[in-house]
Each structure stands twice: as C-alpha cells, then as structure tokens.
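Trainee: Okay, sequence plus prediction incoming.
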2 protein chains.
Amino acid sequence: MSYVTYSAETLERACRDMFEKFGFSATEAAQITDVLLLADLYGVKSHGTQRLVRYHKSIGKGCVKVDAKPQIVFETPVSAVIDANAAMGQLTSIYAMNLAIEKARKVGMAFVTVRNSNHYGIAGYYTKMACDQGMMAMCVTNSESIMVHTNSKQAILGSNPIAFAMPAKPYPFWFDAATTVVPKGKLEVYHKADKPLGENWGTDENGEACRDAKRVLACIDSKKGVGGILPVGGIREESGSHKGYGFSMICELLCAITSGGATSNHHVRKPGQSAGTCHAFIVIDPKIFGDTQEIEAHLSAFLQELRDAKRADENVPIYTHGEKEALAMQYHKEHGIEVDISTVAEMINICNDLGLDSREYFGDVDISNAKETTYEIKGMEQ
Amino acid sequence: MSYVTYSAETLERACRDMFEKFGFSATEAAQITDVLLLADLYGVKSHGTQRLVRYHKSIGKGCVKVDAKPQIVFETPVSAVIDANAAMGQLTSIYAMNLAIEKARKVGMAFVTVRNSNHYGIAGYYTKMACDQGMMAMCVTNSESIMVHTNSKQAILGSNPIAFAMPAKPYPFWFDAATTVVPKGKLEVYHKADKPLGENWGTDENGEACRDAKRVLACIDSKKGVGGILPVGGIREESGSHKGYGFSMICELLCAITSGGATSNHHVRKPGQSAGTCHAFIVIDPKIFGDTQEIEAHLSAFLQELRDAKRADENVPIYTHGEKEALAMQYHKEHGIEVDISTVAEMINICNDLGLDSREYFGDVDISNAKETTYEIKGMEQ
C-alpha cells in the first residue's frame, strides 16, 4: 500500500472544513476533528481519518443526525443518564465526559451513561480529557455484535473496548483496548495480506476456531449472527475465554444496562436511526484519596519499575500503557502523518461531494492506486 | 486423590471454632468463616477450607495480627482510605465493603481503598455483599508478584483478580477472575498430574513460554523474580498479552496507588509484618440511573439472551458469569462439600494444635493417604 504524508495541521484543517460542510458548527467540527486526529497522532489508524468515509455515509443516511442535541433524561449529583438522540457520538461523548468531570470535581466521583448514540471514535480520547485535568477515568462503549462468547457460535456482544487513564510522569497510564482478542480491522489487514489468522482469533459459522480471515469476515459481514471474533483469552475457558467474555459483559452492564439503552445485539442499522450505541464515562478525582501529588509520584515510580524490569529479549523494550502513543504523537507532530492512498482518495471524494476543493488540503495526488471504498452500512434498507 | 464429604454446617462449625481459638471474637470468626465457606460452596476450592493452613501459619508468624483493627486514615462522603494495620484480610474487607455500601446508599456511589492488609479470600464475596443489597459493585486486590508482563521476564504484577457483580434474576451477574491466564493453583494441579501446561500459560526464567509446570512453579517459588504466569492474552501482543497486563495494572492503580499502599512487587514476607496487600471496593447504587426494577429486568433479559445463544456444541451449555457458582452452591448445600484428604489432615492438625477435638467435626477418618503440607511462607526469615 502506498502512503502520502500530511502534517497534522493540514489534516485538521481538512477535517474541520468537511464537518462544517456536513452542517456542524465551527466548534462542533473542531471537537469531532480533535477526536479523529488524536487517533492518527497516536498511531491508531483504524479510528482516525480512515473513518471519515463511514461518518460521511452515516450522516448521509440520517443515522447520525447533525442537528440533534444530547439530552439529560435522569440526573443526580453523581450521575446522569443521557439520551444522545442520534447525535454524533463524539459530540455527545465530549458533552458527557465534561459533565462527568464537572460532577466529579464537586462530589469526588461521577458516572455518566449514554444511550441512542453512534460510534464515538477512540475511547481513550475521553479518558484523556479527564486525565489532562488530573482525574482518573474509565470509559467504555458497546458496538456492533461481533464477539462470540464462550461456547456460543452466535455473536451477541460487541468488541466493547475499555479505556482507563490516570495521570503520571512522564507519560500518564493510558489503556484502551477491545475485549476481543483483536479488532475487526486486524482481520481485514490479514485478509488483504493473505495471512492466516492467529490461533483463537475467530470462529467460523459452526463455532469452530478458524484461521481463514475471509471466512470469519464473511460471517461478520453477512449479519447472519453466527461466527465472529473471540474474546481475549480465546475459545476455551482453559486459556481464559470466559475472562474476555466477562470483561465485555462489564462494558455492556456499565453502558447499555445503566442507560436503559440497546445492548450490542439490539443495535440497529437502518437509515434515519442511530445505531443505538451506548457509552459510559466514570471519573474519579484522586483528591478523594488524599494528596494528589503523592499519588501521582507513586504511580510514576511504579510505571518506571515496570519499564525497567528484566527483559525477556534485551532488544525488545517494555512499555507501559500509553507510552507508545505518547511517543507516536511526538513523532507524528514532527514528521507528519502517513495516510494510505485509499483514505486519501476517500477524503478527496468527500471533498468533491461537499463542494470543497480537495487540492487545498491534499495537493495533486495520484490516486489511481487507491482501492475503491467497499464500506457499506450492512443490512441497511434503502 | 481421595475425598471426604462434609455438610456445610459441619465445616462452618469447625472453621468458626478454629478462628475463635486463634483469638478472634465469635462475630469475627463467623465473618471469616463465611468468606471461606462461600468459596467451597461455589466450588472455588483454592479459596475455601483448603486455605486454612495458610491462615494458621500467617497468624502464627504474626503476619496477620489477631487484635488489629482497620482504621480510616482519610475520608470523604464518597470515599475512604483504610489502613488495615495487618488485620485479617476478610475482616478488613467486610468492614471496608460495608462502609462503601453505606456511603453509596447515601451519595449514590463510593470508593473505599485499603492498604497493609492480608489475603482476603475470594474477591467475589465482597461484590456479593453489595449485590445482595441491590447494588452494583467492583472489587479488586493485588497479591504476590506472579505475572510476567508483556516483554518482561520479571514478575512484578500480581494475579490481581477483578470481581464485578450486579443484581439479576434468576442469577446475578457475578464475575470473579484473575487477570493472569490461570491461577497458580492450576499449575500445581497440572504439576501433580504430570500434564504439560497450556500454551502461553507461563514462562521460564529466560522469559520464554514454558509448558513445564515444575519449572514455572520453581521460578515463582524461588522468589528470584524471573519467570511466572502470563497475563490473560498470553505472551505476545498479537494474542492480547498487553490487554491482560493492562487489566492487571488497573487493579494495582485502583487499590495500591489510590491507598498509598504497596504494589505487588513491594509486598513483604516477614514474620510480624502484614503482606502489605491492597484492596479496593467500588459500589454503585443503580437508583442513580433511574428505576432499579427496570434496570434489573433489562439485565435479566439480556443474560437470558446470552444463555439462549446458538451453541458451538449442542452438548455444551452457555453460561453467564455466576450461574455455575449458583448451581454449585445449591448442589453443595444439598449434597455436602467434598474435601480432599490432605485438607482434612491439615484441619485435624490445626485442631490438635489449638486443643480442639477434631473428631467432633471430622469423625474418625483415615488420613494415611494425605500428602504432607508443603506450604511455607517463602522467603520468610525466622
């Protein structure tokens, strides 16, 4: 695959202009862009500009409603239940996380839960918001049904990522991971490269472990509900399958059950309707445990001990969570962000569709090698 | 291995009498017994009466201080930091969880964190306490260093179990799992049976995956700090090693960092000192999200959908977390609890040591097949 390198500023300007053309205010466009750009800066390509084509379609089909505003439907000093009303996931989530931070600052801890939302990008964006303000935070979401739980051949649970962050020096602890062994995007990469999947990554339509990427992806995309990706821990309890299944369940409980929203198996894919995605934002102010500087120093020292541990292979560094991302951000700010040619082509198409001059952002670039966008909102009735 | 079956009542009476003889009050002895017995009733043998021998030694060496009382050292309406003062882990934890429940009932959610404690038995006992009162709860602990984190050959993190519970019918959601692939006890079972370990369960002293139970156990027991058990997700990031490592980190942050206590790598094993174990108890009253009956009904329906999913193998049922334990409890209450002959021998020895007549509980039982207790507090200086 070929790549073009753009500065973060260029991508930011392009994204902002696109989202403004979609109908969002300048502030809203900047907020959505910030979430996407953090993913690209952190090197989490699957959740960066690569996703623009999906948002373009979701907005076009009315699944994401540009004018909708999230609404508090139940509230206490430590909590809120928000109905996103099919608004953009990122806007709803920034609103929800800000509310959780504000409540936690007053009361010490807070829990804001959201229903009827849409894809919100990288979960760790929101925990970073809180962490940047000195808070501990946890954030979860559900998603399309993709995980086959232990002994099941039916995919009911989502990939259900868990994000957790806490301030530390020189890097915060910043964890963000799906509770499946791997995300769907990884299967797509292996499929393109004709590589066999890892053992215990996915199952076929009979519920048997399957290393054929094409077959597992066909299971997911057919929406027949059988076959999918395994929980972290694999297919058997012996290797901890029930643990990944349990962590994924905790996500559903924290976001869908608390909000009265749709569990992953009840998400919808119809024009004019939000996916039904649910999120949860939990914020804890470390001051409820005493001296916050001591707490941060304690964590920083512990993270250093982990990095300094004896290595299994001298040539492979030991990372703490969030360290790779902090290093990637530094690198990408300095050297720009590589965007694959297919994503560039998608962005050029979106510009054309919106009446923006793509050359202003992307220059004259040869996109003849770009693969056609194959993303479709599966099962969507016209 | 041979077993003797005793009624729950008999084991309860024996445990209570032993703990009273250790010097605990009748109420305290009943509390500790209740934690141990729930493990046996749930079929989690590693955390039931099988552990009495360890508590006997810990008390004898002064690591657990019978007269110590946990003490609140910092408090807000939503939180408390408790110094256990080397008290029995179960007593400290029941006190801490009751405090968290009381605070959550008033404020909506609460976070109680504990340092300088000892082993507290089954983590899920405490989430069950809250769940039985209609609350959602999460509970974590750290433990001896046993987990080799991604790319490390040094064990720094503990097995660090995460427990989570929420009310539902006919069974609550009740999750309790170590963040290692398997607990140490499983390695011991495989060692006794001369079976090769699962792939990606443990590493040798060089940090390489190792299926030889004896060698991995030797790494752990030598306390040289190299080799150990892998995080759920195995040895490589490809299979999600960094995810299990991350979940284990979240435990350390929630209990050791918030309490200003010892992370697993700083636990001590010296006579007269507590292990330094830390715990955290987080309770959320579902009423902060609205109608608690609706929330419970929603969760109950979702759990049923998971159980009713299409099975990978028609003959293997699909469980939700806590279901097996509820069924095991019903069975054990009716049919009694099988105790292996070595544990019976250990209990008889403890009775003899404490001046109790073991026949009153265990009858005249042939213990000539019992294996001698090999458990020692490793690295303990006399």
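Mentor: Yep, it's here.
Trainee: all contacts plus neighbour counts: C-alpha atoms, from now on.
Mentor: Will do.
Trainee: Let me see the contact set for A:P196.
Mentor: Neighbouring residues of A:P196 by CA atoms under 8 Å, 6 or more residues apart in numbering or on different chains: A:190, A:211-213.
Trainee: Flag the shaky bits of chain A, pLDDT-wise.
Mentor: Counting by pLDDT under 70, the low-confidence segments of chain A come to A:1, A:372-382.
Trainee: Show me the helices in it, by range?
Mentor: A:8-22, A:26-42, A:52-60, A:89-107, A:124-131, A:184-192, A:213-222, A:241-252, A:258-259, A:292-307, A:323-335, A:341-354, A:359-362 (DSSP state H).
Trainee: returning to what we had before: of the contacts of A:P196, which qualify as buried by neighbour count?
Mentor: Burial by neighbour count, 16 or more other CA atoms under 10 Å in any protein chain shown: within the contacts of A:P196 this picks out A:190, A:211-213.
Trainee: Spatially nearest residue to A:M135 (excluding sequence neighbours)?
Mentor: Distances taken as CA to CA, 6 or more residues apart in numbering or on different chains put A:D285 closest to A:M135, at 5.0 Å, once the chain neighbours are dropped.
Trainee: Could you do A:I220 as well?
Mentor: Nearest one to A:I220, counting by CA to CA, 6+ apart, is A:G228 at 5.7 Å.
Trainee: One more: A:L354?
Mentor: Nearest residue to A:L354 in three dimensions, chain neighbours excluded: A:K21, at 6.3 Å (CA to CA, 6+ apart).
Trainee: what would the contacts of A:P196 look like in CSV with distance to chain B?
Mentor: Supplementary listing: those in CSV, determined by distance: CA to the nearest CA, whole Å:
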residue, distance to chain B
A:Y190, 12
A:R211, 13
A:D212, 16
A:A213, 15
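Trainee: Which of those residues sits closest to A:L157?
Mentor: Nearest to A:L157 among the contacts of A:P196, counting by CA to CA, is A:A213 at 19.7 Å.
Trainee: How about that closest one, nearest residue that isn't a chain neighbour?
Mentor: In space, A:A213 is closest to A:H191, 5.2 Å off (CA to CA, 6+ apart).
Trainee: residues contacting the closest residue to A:K184 other than its chain neighbours?
Mentor: Distances taken as CA to CA, 6+ apart place A:I229 nearest to A:K184, at 7.6 Å, with adjacent residues excluded. Contact partners of A:I229, counting by CA under 8 Å, 6+ apart, are A:146-148, A:180-184, A:201-203, A:216.
Trainee: let's see it at 7 Å
Mentor: Neighbour list for A:I229: A:146-148, A:180, A:201-203 [criterion: CA atoms under 7 Å, 6 or more residues apart in numbering or on different chains].
Trainee: The buried ones among the contacts of A:P196: which two are farthest apart?
Mentor: A:Y190 and A:R211, at 10.0 Å, using CA to CA across the buried ones among the contacts of A:P196.
Trainee: which residues do these two both contact?
Mentor: A:196-197.
Trainee: re the thing from before, need the helices of chain A in CSV (columns: distance to B:A87).
Mentor: Output for those, formatted as CSV (distance: least, CA to CA, whole Å):
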stretch, distance to B:A87
helix A:8-22, 55
helix A:26-42, 45
helix A:52-60, 56
helix A:89-107, 31
helix A:124-131, 34
helix A:184-192, 48
helix A:213-222, 52
helix A:241-252, 31
helix A:258-259, 36
helix A:292-307, 24
helix A:323-335, 38
helix A:341-354, 60
helix A:359-362, 65
